[in-house]
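Novice: How does the following fold in three dimensions:
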Amino acid sequence: MTTDAPENSTGETSDVDANPAAKIAPARIAHIVLSESFVEHHGPEHVQAYVDAVVAAQVDAQTMDEDAVATRIRERLDAVGLAIPDESYRNLAKQVHDSTGVAISTDGGEVLHGDPAVSADVHEPDVRGTDDPDDPDRPFYS
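Specialist: Numbering: from 1, shown residues only. As a prediction, the model looks like this:
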(Lines give C-alpha, C1' and ligand atoms only; values in the text may rest on other atoms or scores of the structure.)
Protein backbone atom coordinates (compact mmCIF):
# COMPACT_ATOMS: atom_id res chain seq x y z
CA MET A 1 0.00 0.00 0.00
CA THR A 2 1.35 3.43 -0.89
CA THR A 3 0.41 6.86 0.33
CA ASP A 4 0.92 10.26 -1.20
CA ALA A 5 1.98 11.87 2.08
CA PRO A 6 5.58 11.33 3.20
CA GLU A 7 6.06 9.67 6.55
CA ASN A 8 8.40 10.59 9.37
CA SER A 9 10.50 8.07 11.31
CA THR A 10 7.52 7.04 13.45
CA GLY A 11 5.37 6.27 10.42
CA GLU A 12 3.05 9.23 10.95
CA THR A 13 2.59 12.21 8.70
CA SER A 14 3.58 15.55 10.16
CA ASP A 15 1.47 18.72 10.16
CA VAL A 16 3.69 20.12 7.42
CA ASP A 17 3.28 16.98 5.31
CA ALA A 18 -0.49 17.03 5.76
CA ASN A 19 -0.68 20.77 5.09
CA PRO A 20 1.93 22.09 2.65
CA ALA A 21 0.82 25.65 3.45
CA ALA A 22 2.29 25.15 6.95
CA LYS A 23 5.75 25.53 5.38
CA ILE A 24 4.94 29.09 4.35
CA ALA A 25 2.69 30.08 7.24
CA PRO A 26 3.47 33.60 8.40
CA ALA A 27 4.89 34.23 11.85
CA ARG A 28 2.14 34.80 14.36
CA ILE A 29 1.70 36.52 17.67
CA ALA A 30 -0.12 34.62 20.40
CA HIS A 31 -3.06 36.79 21.46
CA ILE A 32 -4.36 35.85 24.90
CA VAL A 33 -7.63 37.41 25.99
CA LEU A 34 -8.51 37.48 29.68
CA SER A 35 -12.11 37.85 30.76
CA GLU A 36 -13.01 40.89 32.82
CA SER A 37 -14.27 38.54 35.55
CA PHE A 38 -10.83 36.87 35.73
CA VAL A 39 -9.17 40.29 36.03
CA GLU A 40 -11.62 41.48 38.70
CA HIS A 41 -11.46 38.22 40.66
CA HIS A 42 -7.66 38.02 40.82
CA GLY A 43 -6.77 41.69 41.16
CA PRO A 44 -3.96 43.72 39.61
CA GLU A 45 -1.02 41.97 41.32
CA HIS A 46 -2.03 38.47 40.24
CA VAL A 47 -3.00 39.64 36.76
CA GLN A 48 0.42 41.25 36.35
CA ALA A 49 2.06 38.05 37.58
CA TYR A 50 0.03 36.10 35.00
CA VAL A 51 1.12 38.48 32.24
CA ASP A 52 4.76 38.28 33.36
CA ALA A 53 4.63 34.46 33.47
CA VAL A 54 3.16 34.16 29.98
CA VAL A 55 5.59 36.69 28.49
CA ALA A 56 8.59 34.94 30.08
CA ALA A 57 7.28 31.56 28.92
CA GLN A 58 6.98 32.81 25.35
CA VAL A 59 10.63 33.88 25.39
CA ASP A 60 11.68 30.52 26.90
CA ALA A 61 9.44 28.57 24.51
CA GLN A 62 11.89 28.89 21.65
CA THR A 63 14.22 26.40 23.36
CA MET A 64 11.67 24.13 25.12
CA ASP A 65 8.93 21.71 24.24
CA GLU A 66 5.29 22.49 25.13
CA ASP A 67 5.32 20.39 28.32
CA ALA A 68 8.34 22.28 29.64
CA VAL A 69 6.68 25.60 28.80
CA ALA A 70 3.53 24.55 30.69
CA THR A 71 5.67 23.57 33.68
CA ARG A 72 7.48 26.91 33.56
CA ILE A 73 4.17 28.82 33.56
CA ARG A 74 2.88 26.71 36.47
CA GLU A 75 6.05 27.34 38.50
CA ARG A 76 5.84 31.10 37.98
CA LEU A 77 2.16 31.26 38.90
CA ASP A 78 2.58 28.93 41.89
CA ALA A 79 5.30 31.26 43.19
CA VAL A 80 2.75 34.09 43.51
CA GLY A 81 -0.12 31.90 44.72
CA LEU A 82 -2.16 32.01 41.52
CA ALA A 83 -3.68 28.70 40.44
CA ILE A 84 -5.47 28.12 37.17
CA PRO A 85 -6.99 24.88 35.79
CA ASP A 86 -4.50 22.26 34.55
CA GLU A 87 -5.83 22.50 31.02
CA SER A 88 -5.09 26.25 31.01
CA TYR A 89 -1.38 25.62 31.50
CA ARG A 90 -1.35 23.29 28.50
CA ASN A 91 -3.39 25.68 26.37
CA LEU A 92 -1.14 28.63 27.20
CA ALA A 93 1.96 26.57 26.42
CA LYS A 94 0.49 25.53 23.09
CA GLN A 95 -0.42 29.11 22.19
CA VAL A 96 2.97 30.63 22.98
CA HIS A 97 5.20 27.74 21.89
CA ASP A 98 5.52 28.56 18.20
CA SER A 99 4.66 32.24 18.35
CA THR A 100 6.94 35.15 17.60
CA GLY A 101 5.55 37.23 20.43
CA VAL A 102 2.61 37.59 22.75
CA ALA A 103 -0.15 40.13 23.24
CA ILE A 104 -2.45 39.99 26.25
CA SER A 105 -5.66 41.95 26.55
CA THR A 106 -8.98 41.81 28.34
CA ASP A 107 -12.25 41.02 26.64
CA GLY A 108 -13.14 44.63 27.36
CA GLY A 109 -10.34 45.80 25.04
CA GLU A 110 -7.68 46.86 27.56
CA VAL A 111 -4.22 45.86 26.34
CA LEU A 112 -2.15 44.46 29.22
CA HIS A 113 0.94 43.56 27.18
CA GLY A 114 2.04 43.85 23.59
CA ASP A 115 1.01 45.87 20.59
CA PRO A 116 -1.93 48.16 21.39
CA ALA A 117 -3.24 47.56 17.87
CA VAL A 118 -3.88 43.94 18.84
CA SER A 119 -7.01 43.89 20.93
CA ALA A 120 -10.00 41.65 21.30
CA ASP A 121 -12.61 42.23 18.65
CA VAL A 122 -15.93 43.12 20.16
CA HIS A 123 -18.64 42.18 17.72
CA GLU A 124 -21.69 44.36 17.71
CA PRO A 125 -24.11 43.13 15.08
CA ASP A 126 -25.51 45.80 12.81
CA VAL A 127 -28.73 43.88 12.33
CA ARG A 128 -31.32 43.87 15.05
CA GLY A 129 -33.77 41.03 15.18
CA THR A 130 -37.35 41.02 16.28
CA ASP A 131 -39.51 38.50 18.08
CA ASP A 132 -42.66 39.69 16.32
CA PRO A 133 -43.61 36.98 13.80
CA ASP A 134 -45.67 39.51 11.83
CA ASP A 135 -42.84 42.03 11.42
CA PRO A 136 -42.25 42.54 7.67
CA ASP A 137 -38.45 42.70 8.24
CA ARG A 138 -38.38 39.29 9.90
CA PRO A 139 -37.02 36.58 7.59
CA PHE A 140 -39.46 33.82 6.71
CA TYR A 141 -37.03 31.11 7.79
CA SER A 142 -36.69 32.23 11.38
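Novice: Could you use CA atoms for every contact and neighbour count after this?
Specialist: Noted.
Novice: residues contacting the residue nearest to residue 97 when sequence neighbours are not counted?
Specialist: Among residues not flanking residue 97 along the chain, residue 61 sits closest, at 5.0 Å (CA to CA, 6 or more residues apart in numbering). Counting by CA atoms under 8 Å, 6 or more residues apart in numbering, residue 61 touches 69, 93, 96-98.
Novice: want to try CSV for the residues you listed, with distance to residue 116 as columns?
Specialist: Compiled in CSV, these are given as follows (distance: CA to CA, whole Å):
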residue, distance to residue 116
69, 25
93, 23
96, 18
97, 22
98, 21
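Novice: Closest one of those to residue 42?
Specialist: Set against residue 42, the nearest of the contacts of residue 61 by CA to CA is residue 93 (20.8 Å).
Novice: How many neighbouring residues does that closest one have?
Specialist: When neighbours are counted by other CA atoms under 10 Å, residue 93 registers 24.
Novice: same question, residue 31
Specialist: Residue 31: 20 neighbours (other CA under 10 Å).
Novice: can you tell me which residues contact it?
Specialist: 102-105, 118.
Novice: And residue 44, by the same measure?
Specialist: With the criterion set at CA under 8 Å, 6+ apart, residue 44 makes contact with nothing.
Novice: next SSE after the host helix or strand of it?
Specialist: Using DSSP states H and E, residue 44 falls within helix 36-60. Next along the chain after helix 36-60, taking DSSP H and E as the criterion, comes helix 66-79.
Novice: Summarise which helices and strands the helix or strand just after that next one is packed against.
Specialist: Per DSSP H and E, the first helix or strand lying C-terminal to helix 66-79 is helix 86-97. Helix 86-97 sits against helix 36-60, helix 66-79, with contacts defined as 3 or more CA pairs under 8 Å, 6 or more residues apart in numbering; DSSP states H and E.
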